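*Asks:* Fold the following.
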Amino acid sequence: MILSVLIQAFCMSFEIQITYGIAGYVNAYFQTTSLQAVLPTIQAVISTSLVPLYTKVSDVFGRAPSLTFAFLCYLVGLTIEGSARSFEHFAIGQIVYSLGSTGIQALSQVVIADTTSLLTRGIMFAMYDVGTIANIWISQALIDPMTLGGAPDKWRISYIATGCVTGFGALALMLPLWYVQVQLRRRNVAQVPHKNLRWLTEEFDIPGAVLLTAALAFVCLPLTLAKRVEGNWSSPLIISMLCLGVICFVVLFFWETRWARRPILSVKVWTNRTAFGSLMVIFMLKFMGNVSWQYLTQYFVVSRDLTFGNATWLVRGYHLGWLVFQLIAAFLLKRYKRARLMVWGGVSLYTLGIGLMIPARHRTASSAFIVVAQVLGGAGAGFAHLACSVLVTGVVHRRDIASVVGATQILVWFGYAIGGAVSGAIWTQYLPNRLQAHVTGPLDETKAMNDPLKYVKNLPTETRMQVIEAYSDSIKLMSIVGLASALLTLLCTSMLQHVDLDQDQDAQDLIAMGEDALAEKADDEVLETKK
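*Replies:* Residues are numbered from 1 along each chain as shown. Alright, predicted model coming up:
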């Protein structure tokens, strides 16, 4: 089962690395670079509400049926994206794709937690991402051939290739999962009772999911879309959406704490200091990463006259640092069992890396300096994320593993959505001001923001350098926001408490029950002696 999960993870990471590498080119193809943050934000909003639904349904109907549905949505979404003739068509495919990718990522983590002990869980969490290290190199060799030369829509080949690879990964995981589930049912070990729609409405917090989705959508999307609406921030539509978002968050808080029978955000998780602190660190890491790297590839393409494939190499340092040091952290965690120290050290190293990224964003910074800053940030994030993922699953009972993994995924997507919205707001609101401040000659502002591949690269040298300065100011502001968030993350680590990685919560409760029984027996013996 574990081998099947790793094969599926390798195939899925291949798709993610390829589509990530060509994302800037695809947005330039549709001339919608300023909307690049919109689709990831929509995906994150949908995923945030879907994660608890997947974990709840998988607990009742089994992992295999839930993952099968997720894989179908995933492959259909890739097909729609690869055949898109407009940005709207592509957006529909992204939404369907997110329905599947959310379930795959969440339930794969649940399967790992199902089949590992707490002490080895960190290694398996890290191994799940090991395939990405190889895929970074494989994808880089394919990005330029899939985007340069020939027809402008040559990028569609990438979706054919990734669909075939991920289809193989789906079969690798689904066949053993279905086999295990069918065998257990035949032996009457895992009988799944019949459930209906009424049960689902009682067990799954549908109002909470709707409120959470609406709150995120109404708060995040205006940050990116305001520039495209007449009146910008003074537009009644934008103001109304933001107000509705705040109202939805307030209503969500009261609903979850007072009236929800099965809260979408489990109270058990939020009332535990270590679990809450770990989730906040995970959230902040995802937020900082998305703020700092959303538009970085486009900036390198323009400022260093690179192809999208070569520009992606400079961004990969962060991802490589994350993946390699996450694996190192897993083995160190198994050897020394000091998760809190690993979180503190990781967040501190991440803060240093984010700080170095501010001067690294200048167009004259050397490539070596950029790579060092990226790797330091990635190494710190890998250490902290791995340790927090283990901590948050170590302070709950095994029966609550799916719920806490769901909460972790919610915070990951929540951070992704907020980070994407903030970076999109900086690009669409701050960049036009910097263009007006730097550019002295004639310039089509809309094309300068949306078509860096053709329009900006073909500008006169003086004007192009001025546009690059405006880009640089915007990218540096994103890094400054990331640094401020890193300092806040250091405060979140103060909530963490020691967790015994040799025993999960169930074992610790059994030991405590045994100690209570022994103490009660000793008290009885003392009373008998006194009598």
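*Asks:* where in the stretch 351-500 of the chain is pLDDT low?
*Replies:* 396, 398-403, 406 (pLDDT under 70).
*Asks:* So which residues of it form strands?
*Replies:* In the stretch 351-500 of the chain, no strands are defined using DSSP state E, counting those that start in this stretch.
*Asks:* where along the stretch 151-300 of the chain do the helices fall?
*Replies:* 156-186, 197-203, 206-225, 236-254, 267-270, 273-293, 296-303 (DSSP state H, counting those that start in this stretch).
*Asks:* Select, out of those helices, the one closest to Phe71.
*Replies:* Of all the helices of the stretch 151-300 of the chain, helix 156-186 sits nearest to Phe71, with 4.2 Å by C-beta to C-beta. All C-beta atoms are positioned from the backbone trio N, CA, C, and that covers glycine.
*Asks:* How far off centre is the closest one?
*Replies:* 22 Å (C-alpha atoms, centre = their mean, to the nearest Å).
*Asks:* other SSEs contacting it?
*Replies:* In terms of contacts (3 or more C-beta pairs under 8 Å, 6 or more residues apart in numbering; DSSP states H and E), helix 156-186 is packed against helix 2-29, helix 63-82, helix 130-147.
*Asks:* Going by mean pLDDT, which of those comes out lowest?
*Replies:* Comparing mean pLDDT across the helices and strands packed on helix 156-186, the weakest is helix 130-147, with a mean of 79.
*Asks:* Quick check: buried residues in it?
*Replies:* Val130, Gly131, Thr132, Asn135, Ile136, Ser139, Gln140, Leu142, Ile143, Asp144, Met146, Thr147 (16 or more other C-beta atoms under 10 Å).
*Asks:* returning to what we had before: quick one, which of the helices and strands packed on helix 156-186 gets closest to Ala417.
*Replies:* For the helices and strands packed on helix 156-186, distance to Ala417 was read as C-beta to C-beta. The smallest value, 16.7 Å, belongs to helix 2-29.
*Asks:* buried set for that closest one?
*Replies:* So for helix 2-29, counting by 16+ other C-beta under 10 Å, buried means 4-29.
*Asks:* how many other residues sit next to Trp293?
*Replies:* 22 (other C-beta atoms under 10 Å).
*Asks:* can I assume it is in contact with Gly317?
*Replies:* No. Trp293 lies out of contact with Gly317 (C-beta atoms under 8 Å); the separation is 10.6 Å.
*Asks:* and the gap between Leu171 and Cys73?
*Replies:* Per C-beta to C-beta, to the nearest Å, Leu171 is found 16 Å from Cys73.
*Asks:* between the two, which one's more packed in?
*Replies:* Between Leu171 and Cys73, counted using other C-beta under 10 Å, Cys73 has the larger neighbour count: 19 against 15.
*Asks:* burial count for Ala387?
*Replies:* When neighbours are counted by other C-beta under 10 Å, Ala387 comes out with 30.
*Asks:* typo on my end, it should be Gly345
*Replies:* Using other C-beta under 10 Å, Gly345 has 18 neighbouring residues.
*Asks:* As JSON lines, the helices of the stretch 151-300 of the chain with distance to Ala365 and mean pLDDT would be great.
*Replies:* Below are these laid out as JSON lines (distance: least, C-beta to C-beta, whole Å; pLDDT from 0 to 100):
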{"stretch": "helix 156-186", "distance to Ala365": "30", "mean pLDDT": "86"}
{"stretch": "helix 197-203", "distance to Ala365": "53", "mean pLDDT": "66"}
{"stretch": "helix 206-225", "distance to Ala365": "27", "mean pLDDT": "80"}
{"stretch": "helix 236-254", "distance to Ala365": "36", "mean pLDDT": "87"}
{"stretch": "helix 267-270", "distance to Ala365": "41", "mean pLDDT": "66"}
{"stretch": "helix 273-293", "distance to Ala365": "15", "mean pLDDT": "86"}
{"stretch": "helix 296-303", "distance to Ala365": "10", "mean pLDDT": "82"}
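*Asks:* Any chance of TSV for those, columns distance to Gly77?
*Replies:* Shown next, in TSV, are those (distance: least, C-beta to C-beta, whole Å):
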stretch	distance to Gly77
helix 156-186	10
helix 197-203	24
helix 206-225	18
helix 236-254	26
helix 267-270	30
helix 273-293	20
helix 296-303	22
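*Asks:* Domains in the chain, by residue range?
*Replies:* What automatic domain parsing lists as the domains of the chain is 2-205+261-499, 206-260, 505-531.
*Asks:* what's the most buried one of those domains?
*Replies:* Mean neighbour count (mean count of other C-beta atoms under 10 Å) peaks for domain 2-205+261-499 among the domains of the chain, with a mean of 20.
*Asks:* Ile95 is nearest to which of the helices of the stretch 151-300 of the chain?
*Replies:* Per C-beta to C-beta, nearest to Ile95 of those: helix 206-225, 12.2 Å.
*Asks:* Nearest to His438, out of the helices of the stretch 151-300 of the chain?
*Replies:* Among those, helix 296-303 comes nearest to His438, with 13.1 Å by C-beta to C-beta.
*Asks:* now that closest one against helix 2-29, angle please.
*Replies:* 40 degrees (axes from the mean of the first three to the mean of the last three C-alpha atoms, to 10 degrees).
*Asks:* contacts for helix 296-303?
*Replies:* Here helix 296-303 makes contact (C-beta atoms under 8 Å, 6 or more residues apart in numbering) with 23-24, 33, 36, 306-308, 311-312, 314-315, 361, 363, 452-453, 456-457, 464, 467-468, 471-472, 475.
*Asks:* Can I get it in PDB? Just the C-alpha atoms.
*Replies:* C-alpha atoms of helix 296-303 as PDB (Å, rounded to 0.1, in the frame of the first residue of the first chain):
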ATOM      1  CA  LEU A 296       8.600  35.400  -9.600                       C
ATOM      2  CA  THR A 297       9.000  33.300 -12.800                       C
ATOM      3  CA  GLN A 298       7.500  36.200 -14.900                       C
ATOM      4  CA  TYR A 299       9.900  38.600 -13.300                       C
ATOM      5  CA  PHE A 300      13.000  36.500 -14.100                       C
ATOM      6  CA  VAL A 301      11.800  36.000 -17.700                       C
ATOM      7  CA  VAL A 302      11.600  39.800 -18.100                       C
ATOM      8  CA  SER A 303      14.600  41.000 -16.000                       C
END
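*Asks:* State the next helix or strand along the chain beyond it.
*Replies:* Heading C-terminal from helix 296-303, the first helix or strand you meet, by DSSP states H and E, is helix 308-336.
*Asks:* What helices and strands are in contact with that next one?
*Replies:* Packing partners of helix 308-336 (3+ C-beta pairs under 8 Å, 6+ apart): helix 2-29, helix 118-128, helix 130-147, helix 273-293, helix 296-303, helix 339-360, helix 367-394.
*Asks:* Looking at the ones you listed, which is nearest to Ser47?
*Replies:* Ser47 lies closest to helix 273-293 among the helices and strands packed on helix 308-336, at 11.8 Å (C-beta to C-beta).
*Asks:* now that closest one and helix 339-360, what's the angle there?
*Replies:* Relative orientation of helix 273-293 versus helix 339-360 (the same axes, to 10 degrees): 20 degrees.
*Asks:* packing partners for helix 273-293?
*Replies:* Counting contacts by 3+ C-beta pairs under 8 Å, 6+ apart, helix 273-293 is packed against helix 267-270, helix 308-336, helix 339-360, helix 367-394, helix 401-425, helix 461-492.
*Asks:* Of these, give the one that comes closest to Pro442.
*Replies:* Between the helices and strands packed on helix 273-293, helix 461-492 lies closest to Pro442; by C-beta to C-beta that is 7.9 Å.
*Asks:* Off-centre distance for that closest one?
*Replies:* The chain centre lies 21 Å from the centre of helix 461-492; the measure is C-alpha atoms, centre = their mean.
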